[in-house]
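Participant: Quick one, what's the 3D model for this:
(chains A, B, C and D)
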Protein chains: 2
Amino acid sequence: MPVAMIDETAERTTGTPEPALRLEDFLPYRLNVCSNLVSTALSRIYSERYRIGVPEWRVLVTLGQFGMMTAKAIGAHSCMHKTKVSRAVAQLEKRKLIGRRSNRADMREAFLSLTPAGREMYDELAPIATRFADRLLDSIDAADRDALHRALKKLTERSGELATDIANPRRPR
Amino acid sequence: MPVAMIDETAERTTGTPEPALRLEDFLPYRLNVCSNLVSTALSRIYSERYRIGVPEWRVLVTLGQFGMMTAKAIGAHSCMHKTKVSRAVAQLEKRKLIGRRSNRADMREAFLSLTPAGREMYDELAPIATRFADRLLDSIDAADRDALHRALKKLTERSGELATDIANPRRPR
DNA sequence: CAAAATTAGTTGCCTATGCAACCAAGGTCA
DNA sequence: TGACCTTGGTTGCATAGGCAACTAATTTTG
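Facilitator: Model prediction:
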């Protein structure tokens, strides 16, 4: 096999003449990679320092923002599956970062809120996280920032519809 | 504090006067949610129809694009951990969608490539995926598309540096 | 009001995945 | 050449997370 044929990433040898899909330009892929990198970078801040994971972080932040709410509401606001919320809450409760007060009007649910310790942690973390996000955004041209916001919004909306749409083009599954 | 203080999801009751962080506007969160929705929507296309997951999809696409390469190269190109690649490859191999030819010049590695069946699957999937991405992008103003592209690139670059940067402001861990 | 349906939340189970240890093949250097 | 180091790739282990089944409480309906 001739020398020039191998590239360090790898060169196309038997692929279609023009690849139908370039992964590195493929939007879902790029979004995923970007999101993971950002997420991982951010996690390092709180995971090392406070020993919490993403779900716990989200619960903490949501409670910091709203003060008191049910697990269901937390899930709705933070886009998390109820089991994820349940486990994150259990975790935070065990560490006395949040407290629970059952709703006497509906004993199925309970109102959750930050304990003083939880609030302290939130007050410490939130500004750091905010700064992190600001620094990220700093790297983007001001004009592009708004576009990014709009785009993310549209993509988020659109992907829901498309799922069902394209997945079953003419096959009723 | 005036009326506008209330948000539709839940009402602040004990939170700080002005929440330090609004999760729904927090970039890492938005990226994650968006990426997950898009990813899930896309997965539906191939997971239901071809019974493959994201890692297998990426290996398939990468091989479809480059023709023949080592597992390491696949991982590098598709941003996947080597164990993920290894398992995805094993999976696809078991299903005779890709084949392996050991490199006689270096017996540690092996060249992987699509079998005819794999190529067939790729040729079928790639255009559908492309169309999916196009439809997603259609929802975005043409001008914003370039901005999105640039922004994702910057964010992807930036997040790497920031990780170490902010995580240890002045504490050598 | 009692049976059925719904809802908030938890848990069992199974898959996915990252890390670390490992294996086998190459490479380096005295 | 032979001890050590590096590298491609696989596997054991432990954790994370989704789904479905379950419990307990509430609501609906006949």
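Participant: From now on I want contacts and neighbour counts done on CA atoms only, so please keep to that.
Facilitator: Will do.
Participant: and the one residue in chain A that gets nearest to DNA strand D, which of the three is it?
Facilitator: Of all residues in chain A, A:D106 sits closest to DNA strand D, at 3.3 Å by CA to the nearest atom of the strand. At A:D106, secondary structure determined by DSSP: H, G, I helix; E, B strand; the rest coil is coil.
Participant: any idea how far chain B is from it?
Facilitator: 17 Å (CA to the nearest CA, to the nearest Å).
Participant: count of neighbours near A:A133?
Facilitator: Neighbouring residues of A:A133 were enumerated by other CA atoms under 10 Å in any protein chain shown; the total is 18.
Participant: Surely it touches B:P28?
Facilitator: Yes: with contact defined as CA atoms under 8 Å, A:A133 reaches B:P28; the gap is 7.2 Å.
Participant: Double-check that A:I140 belongs to a helix.
Facilitator: No: counting by three-state DSSP, one finds A:I140 to be coil, located in no helix.
Participant: I'd guessed it sits against B:A151; true?
Facilitator: Yes: using CA under 8 Å, A:I140 is in contact with B:A151, at 5.9 Å.
Participant: before we move on, the earlier item: now the residue of chain A closest to DNA strand D, what are its backbone angles?
Facilitator: phi -160, psi 100 (degrees, to the nearest 10).
Participant: Return the residues in contact with it.
Facilitator: Shown in contact with A:D106 (CA atoms under 8 Å, 6 or more residues apart in numbering or on different chains): no residues.
Participant: Let me know the distance separating it from A:L114.
Facilitator: Distance, A:D106 to A:L114, by CA to CA, to the nearest Å: 21 Å.
Participant: So which bits of chain A are right by DNA strand D?
Facilitator: A:G53, A:V54, A:P55, A:M80, A:H81, A:T83, A:K84, A:R104, A:A105, A:D106, A:M107, A:R108 (CA under 7 Å from any atom of the strand).
Participant: Using PyMOL, make a named selection holding only the buried ones among the residues you listed.
Facilitator: Selection of the buried residues among the residues of chain A next to DNA strand D in PyMOL, burial being defined by 16 or more other CA atoms under 10 Å in any protein chain shown:
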select buried, chain A and resi 54+55+80
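Participant: how near is A:R158 to A:R131?
Facilitator: Taking CA to CA, one finds A:R158 at 30 Å from A:R131.
Participant: sorry, back to before: what sits in contact with each of A:I140 and B:A151?
Facilitator: Residues touching both A:I140 and B:A151 (CA under 8 Å, 6+ apart): none.
Participant: What residues sit buried inside stretch A:65-76?
Facilitator: Buried-residue list, stretch A:65-76, by 16+ other CA under 10 Å: A:Q65, A:F66, A:G67, A:M68, A:M69, A:T70, A:A71, A:K72, A:A73, A:I74, A:G75.
Participant: Just confirm yes or no for it near DNA strand C.
Facilitator: Yes: Stretch A:65-76 reaches DNA strand C (CA under 7 Å from any atom of the strand) through A:T70, A:A71, A:K72, A:A73.
Participant: Next one: the third one relative to B:C34, how far apart?
Facilitator: Using CA to CA, one gets 21 Å for the distance from A:K72 to B:C34.
Participant: element containing A:L136?
Facilitator: Taking DSSP states H and E as the criterion, A:L136 maps to helix A:116-138.
Participant: Spell out which parts of chain A neighbour DNA strand C.
Facilitator: So chain A meets DNA strand C at A:70-73, A:82-83, A:85-87, A:89-90, A:108-111 (CA under 7 Å from any atom of the strand).
Participant: Give me the pLDDT for the nearest residue in space to A:L114 that is not next to it in sequence.
Facilitator: For A:L114, ignoring the flanking residues on the chain, the nearest one in space by CA to CA, 6 or more residues apart in numbering or on different chains is A:I98 at 4.2 Å. The pLDDT attached to A:I98 in the predicted structure is 98.
Participant: Can you name the residues that contact A:I98?
Facilitator: A:V89, A:L92, A:L112, A:S113, A:L114, A:T115, A:G118.
Participant: Over to the second one: give its phi and psi.
Facilitator: Recorded main-chain torsions at A:L92 are phi -70, psi -30, according to degrees, to the nearest 10.
Participant: same check, this time on the fourth one
Facilitator: The main-chain torsion angles of A:S113 are listed as degrees, to the nearest 10 and equal phi -160, psi 160.
Participant: A:E24 and A:D146, how far apart?
Facilitator: 24 Å.
Participant: Helix or strand, whichever it is, which one in chain A has the lowest mean pLDDT?
Facilitator: For chain A, using mean pLDDT, DSSP states H and E, the weakest element among its helices and strands is helix A:142-167, scoring a mean of 84.
Participant: mind listing what's buried in it?
Facilitator: Buried residues in helix A:142-167 (16+ other CA under 10 Å): A:144-145, A:147-159, A:162-163, A:166-167.
Participant: can you check stretch A:81-100 too?
Facilitator: Buried, per 16+ other CA under 10 Å, within stretch A:81-100: A:V85, A:S86, A:A88, A:V89, A:Q91, A:L92, A:E93, A:L97, A:I98, A:G99, A:R100.
Participant: what do you get for stretch A:127-134?
Facilitator: A:I128, A:A129, A:T130, A:F132, A:A133.
Participant: Please see if stretch A:118-127 touches chain B.
Facilitator: Yes: contact of stretch A:118-127 with chain B (CA under 8 Å from any CA of the partner chain) involves A:D123, A:A126, A:P127.
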